[in-house]
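**Q** 3D, please:
(2 chains)
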Amino acid sequence: DAGVTQSPTHLIKTRGQQVTLRCSPKSGHDTVSWYQQALGQGPQFIFQYYEEEERQRGNFPDRFSGHQFPNYSSELNVNALLLGDSALYLCASSWGGGQGGTDTQYFGPGTRLTVL
Amino acid sequence: QKEVEQDPGPLSVPEGAIVSLNCTYSNSAFQYFMWYRQYSRKGPELLMYTYSSGNKEDGRFTAQVDKSSKYISLFIRDSQPSDSATYLCAMSAWSGNTPLVFGKGTRLSVIA
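**A** Next up, the predicted model:
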């Protein structure tokens, strides 16, 4: 059973460019959340997708957008990249109907984005 | 004041020691508490999940939650060099499926 997968592993962009990151959830999961982890910090919640809709959003500008496809995979798009967007971007999947321990989020390996 | 406070360390202990990792939080609505382990340049791996107050044990790991003090702990018994990693506490208000608020992580080194 494959866990959460993310692509690409690493990405280097320049300021002002746009980037798209991809995530495939763990088998059986229907909810995808995206987090940004700056160096030496804990992950920060960007947004969550469920049933192809953005369900919740953290304190991130609308340069950050996303999408969820019918197969539950997801994309994170970042426009007009800034130096401060350099970070590890983590995707986490979970089962929306779970509770009491079955609703936990499982993380992928992340995509390391460097903005020059 | 940040919602979740965690001492970033680094913490260095000899092999076989008991390790205590802690987080404090300010939001009394948090009910779901998790500990993740993150190796360098990898994604976080779920170690423990606890709902509300109390203790939970899994092998060498014990998680404790004291909601009255807004304080959670992770204990690692008989620590091994393979336990060397960053440990992140995370919590949420409604369920484990909802946005998690993380601490900064504590970097642990277990020396053989």
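**Q** which residues of chain B fall in strands?
**A** B:4-5, B:11-14, B:19-25, B:32-38, B:45-51, B:54-58, B:61-66, B:71-76, B:85-92, B:101-102, B:106-111 (DSSP state E).
**Q** Out of the ones you listed, flag the one nearest chain A.
**A** strand B:101-102 (3.2 Å; CB to the nearest CB). C-betas here are computed from N, CA, C, even on glycine.
**Q** quick one: is that closest one near chain A?
**A** Yes: for strand B:101-102, a contact with chain A is found by CB under 8 Å from any CB of the partner chain, at B:101-102.
**Q** Run through the chain and note the low-pLDDT ranges.
**A** Chain wasn't specified; assuming chain A. Across chain A, the ranges flagged by pLDDT under 70 are A:1, A:97-102.
**Q** Oops, wrong one, chain B.
**A** Ranges of chain B meeting pLDDT under 70: B:1.
**Q** Could you list the residues of it in contact with chain A?
**A** Residues of chain B found near chain A (CB under 8 Å from any CB) are B:4, B:6, B:8, B:34, B:36, B:41-46, B:49, B:51, B:88, B:90, B:95-105.
**Q** what do you get if the cut-off is 6 Å, keeping everything else the same?
**A** Proximity of chain B to chain A is confined to B:42-44, B:46, B:49, B:88, B:95-97, B:99, B:102-105 under the rule CB under 6 Å from any CB of the partner chain.
**Q** Which two of the residues you listed have the greatest separation?
**A** Spatially, the most separated pair among the residues of chain B next to chain A is B:Lys42 and B:Ser95, at 25.3 Å (CB to CB).
**Q** So in terms of bridging, what pairs with the nearest residue to B:Pro10 once chain neighbours are set aside?
**A** Leaving aside its sequence neighbours, B:Pro10 sits nearest to B:Arg107 (CB to CB, 6 or more residues apart in numbering or on different chains; 4.3 Å). Beta-bridge partners of B:Arg107, counted by DSSP bridges, are B:Thr86.
**Q** Quick one: residues contacting B:Arg107.
**A** B:Arg107 sits next to B:9-10, B:86 when contact means CB atoms under 6 Å, 6 or more residues apart in numbering or on different chains.
**Q** are any of the residues you listed buried, and which?
**A** With burial judged by 16 or more other CB atoms under 10 Å in any protein chain shown, the buried subset of the contacts of B:Arg107 is B:Thr86.
**Q** now, which of the contacts of B:Arg107 sits nearest A:Asn71?
**A** B:Thr86 (32.2 Å).
**Q** just checking, that closest one touches B:Gly105?
**A** Yes: using CB atoms under 6 Å, B:Thr86 is in contact with B:Gly105, at 4.3 Å.
**Q** Export stretch B:52-68 to PDB, keeping only CA atoms.
**A** The C-alpha trace of stretch B:52-68 is given here as PDB (Å, rounded to 0.1, in the frame of the first residue of the first chain):
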ATOM      1  CA  SER B  52      -8.400  14.700  25.500                       C
ATOM      2  CA  SER B  53      -6.500  14.100  28.700                       C
ATOM      3  CA  GLY B  54      -4.700  11.000  29.900                       C
ATOM      4  CA  ASN B  55      -1.800   8.700  29.000                       C
ATOM      5  CA  LYS B  56      -1.200   6.400  26.000                       C
ATOM      6  CA  GLU B  57       1.600   3.900  25.600                       C
ATOM      7  CA  ASP B  58       3.000   2.300  22.500                       C
ATOM      8  CA  GLY B  59       6.100   0.200  22.900                       C
ATOM      9  CA  ARG B  60       8.900   2.500  24.100                       C
ATOM     10  CA  PHE B  61       6.800   5.700  23.700                       C
ATOM     11  CA  THR B  62       4.300   7.200  26.200                       C
ATOM     12  CA  ALA B  63       2.200  10.300  25.400                       C
ATOM     13  CA  GLN B  64       0.700  12.300  28.300                       C
ATOM     14  CA  VAL B  65      -1.900  15.100  28.000                       C
ATOM     15  CA  ASP B  66      -2.800  17.400  30.900                       C
ATOM     16  CA  LYS B  67      -5.500  19.700  29.600                       C
ATOM     17  CA  SER B  68      -5.800  21.500  32.900                       C
END
